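> 3D model of this:
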Amino acid sequence: MAMVPDSVLEEVARRFALLGDPTRLRIVRVLHEQGGCTVREIAAAAGTSPANASQHLGRLLLGGVAGRSRDGQAVRYRIIDETIGQLCAIACGSVGGRANAAHPDVAAG
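Presented below is the predicted three-dimensional model:
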């Protein structure tokens, strides 16, 4: 692996910390699967309250992962960092692969 400057490593650590919360990951999944959603739609799909979803969306907005736009009276949120889908797919694939290797009887069904 090439030498990566400390400043980049610190930014990577912030990105992983941002995505290190299960509720935020559920919100990212909802936005990735459904596209533009309101806070209420996100909260319902992620299994949390609108207030909690709103707090997590605020962090995702500040982190540059999500964006928002007005649709009449509604505010819709969406993923704006296109690399997030790839990152989550790699991480979930890695974790899923390890889980399947550890418990092949469960993976087989």
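> switch to C-alpha atoms for all contacts and neighbour counts from now on
Fine.
> what about the strands in the protein?
66-71, 74-79 (DSSP state E).
> and residue 5, which of these is closest to it?
Residue 5 lies closest, by C-alpha to C-alpha, to one member of the strands of the chain: strand 66-71, at 26.0 Å.
> what mean pLDDT does that closest one get?
Taken as a whole, strand 66-71 has an average pLDDT of 94.
> that strand packs against which elements?
helix 50-62, strand 74-79 (3 or more C-alpha pairs under 8 Å, 6 or more residues apart in numbering; DSSP states H and E).
> reformat these as JSON lines; add distance to residue 85 and mean pLDDT.
Below are the helices and strands packed on strand 66-71 laid out as JSON lines (distance: least, C-alpha to C-alpha, whole Å; pLDDT from 0 to 100):
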{"stretch": "helix 50-62", "distance to residue 85": "14", "mean pLDDT": "97"}
{"stretch": "strand 74-79", "distance to residue 85": "9", "mean pLDDT": "96"}
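> between these, which one is nearest to residue 94?
Nearest to residue 94, of the helices and strands packed on strand 66-71 and by C-alpha to C-alpha, is strand 74-79 at 22.2 Å.
> how about that closest one as CSV, C-alpha atoms only?
Provided in CSV are the C-alpha atoms of strand 74-79 (Å, rounded to 0.1, in the frame of the first residue of the first chain):
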residue,chain,number,x,y,z
ALA,A,74,-41.3,18.6,1.6
VAL,A,75,-37.6,18.3,2.1
ARG,A,76,-36.1,15.2,0.5
TYR,A,77,-32.8,13.6,1.4
ARG,A,78,-30.5,11.6,-0.9
ILE,A,79,-27.0,10.2,-1.0
